[in-house]
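Undergrad: Build me a model:
(2 chains)
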Amino acid sequence: MTVSEMNRIEKRILIRAPRGRVWRALTSAREFSEWFGVEMAGEFQPGARLEMNSSKHGCGGIVSVEVREMLPETKFSWRWHPGVRQPDVDYSKEPTTLVEFHLEEVDGGTLLTLVESGFDQISLARRAGVFETNDAGWAHQMKSIENYVSQAR
Amino acid sequence: MRLLLVARLCGGEPLSITQLATGTRVTRQAVTKHLHVLAHARIVRGFRQGREQLWELNADQLREARRCLDAISNQWDAALGRLKTSLERPDA
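TA: Model prediction:
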């Protein structure tokens, strides 16, 4: 495991359904909430800011989301701040990770690629804790390694 | 440069400054400076072995970070699995 591997997560999954259908499942708030396992108000639109509440399946974290790109049936992305919302924290200054969904039509259905990146900027423990279903006990804040190794030369 | 130092230490063996600086155009002084920054961040630790000063990765920190990333990765696996299942159902 190299240090650079700790900065992003990438998943590829083949879904036996048409691209348009997959796109709808990703970008319709109602459908998304179902499979992702959150409660959310509002719809996904480029530039929209919304909140996802993971209390349904997780340990009760609220995540602030800022939608980035929505290229129909091709790319869907957002930035989010993990962690429970606190009234005195200015979340616009908090570091975020970037989540990107890429859709590609292939033989047999749709190839969906998920990339989450930017872990070097955030507390890994906090991000991991929001959707965790058991009490993982990551009590201490942890600075990510790459945050230090990548600082200005 | 710091990334390179950590990468070299990922081999598992403690290394001396000389070994860490080999093949780079960076001075021993600069390497030492970077190592101290990494040590302050608890990413590496230095220790004496005989007359040598050696450096190694702080395994605990790495283990914790790895655990968190694994958890996040598992969460995505579970969510994407639910997406796939729901879309591939006959009545989807």
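
Undergrad: which residues of chain B fall in strands?
TA: B:15-16, B:44-49, B:52-57 (DSSP state E).

Undergrad: Pairing partners for the first one, with directions?
TA: Each strand paired with strand B:15-16, and its direction, by DSSP bridges: strand B:52-57 (antiparallel).

Undergrad: and residue B:24, what are its phi and psi?
TA: The phi/psi pair for residue B:24 (degrees, to the nearest 10) reads phi -110, psi 170.

Undergrad: on that earlier part again, for the strands of chain B, which one sits closest to residue B:67?
TA: Of all these, strand B:52-57 sits nearest to residue B:67, with 15.6 Å by CB to CB. C-beta here means a position set from N, CA and C on the backbone, and glycine is covered the same way.

Undergrad: What residues sit buried inside that closest one?
TA: B:54, B:55, B:57 (16 or more other CB atoms under 10 Å in any protein chain shown).

Undergrad: How many neighbouring residues does the nearest residue to the last one once chain neighbours are set aside have?
TA: Which is residue B:57. Take residue B:57 and drop its neighbours on the chain: the residue closest to it by CB to CB, 6 or more residues apart in numbering or on different chains is residue B:9, 4.6 Å away. Around residue B:9 sit 22 other residues, with neighbours defined as other CB atoms under 10 Å in any protein chain shown.

Undergrad: Please apply the same query to residue B:44.
TA: Counted with other CB under 10 Å, the neighbours of residue B:44 add up to 25.

Undergrad: again with residue B:59
TA: Neighbourhood size, residue B:59 [other CB under 10 Å]: 10.

Undergrad: Look up how far chain A lies from it.
TA: In this view, residue B:59 and chain A are 12 Å apart by CB to the nearest CB, to the nearest Å.

Undergrad: what does residue B:66 give?
TA: Where chain A is concerned, residue B:66 sits at a distance of 7 Å (CB to the nearest CB).

Undergrad: Tell me if I am right that residue A:35 is in a helix.
TA: Yes - under DSSP: H, G, I helix; E, B strand; the rest coil, residue A:35 falls within a helix.

Undergrad: quick one: it and residue B:86 touch, right?
TA: Yes - with contact defined as CB atoms under 8 Å, residue A:35 counts as touching residue B:86 (5.3 Å).

Undergrad: Which one of these two is surrounded by more residues?
TA: residue A:35 (19 against 15).

Undergrad: Return the residues in contact with that one.
TA: A:25, B:79, B:82, B:83, B:86 (CB atoms under 8 Å, 6 or more residues apart in numbering or on different chains).

Undergrad: what sits opposite the closest residue to residue B:47 other than its chain neighbours in the beta ladder?
TA: In space, residue B:47 comes closest to residue B:54 once its chain neighbours are excluded; the distance is 6.0 Å by CB to CB, 6+ apart. Counting by DSSP bridges, residue B:54 is bridged to residue B:16, residue B:47.

Undergrad: Mind pulling up the pLDDT for residue B:54?
TA: Reported pLDDT at residue B:54 in the predicted model: 94.

Undergrad: Helices along chain B, start to end?
TA: For chain B, the helices defined by DSSP state H occupy B:2-9, B:17-21, B:28-40, B:59-88.

Undergrad: Stretch A:14-25 and chain B in contact?
TA: Yes - Stretch A:14-25 lies within reach of chain B by CB under 8 Å from any CB of the partner chain, at A:15, A:16, A:17, A:21, A:22, A:25.

Undergrad: Give me the subset of the residues you listed lying in strands.
TA: Going by DSSP E, the strands hold residue A:15 from the residues of stretch A:14-25 next to chain B.

Undergrad: Drop anything exposed from the residues of stretch A:14-25 next to chain B.
TA: A:15, A:17, A:21, A:22, A:25.

Undergrad: how close does the residue nearest to residue B:47 get to residue B:36?
TA: From residue B:54 across to residue B:36, the span is 14 Å (CB to CB, to the nearest Å).
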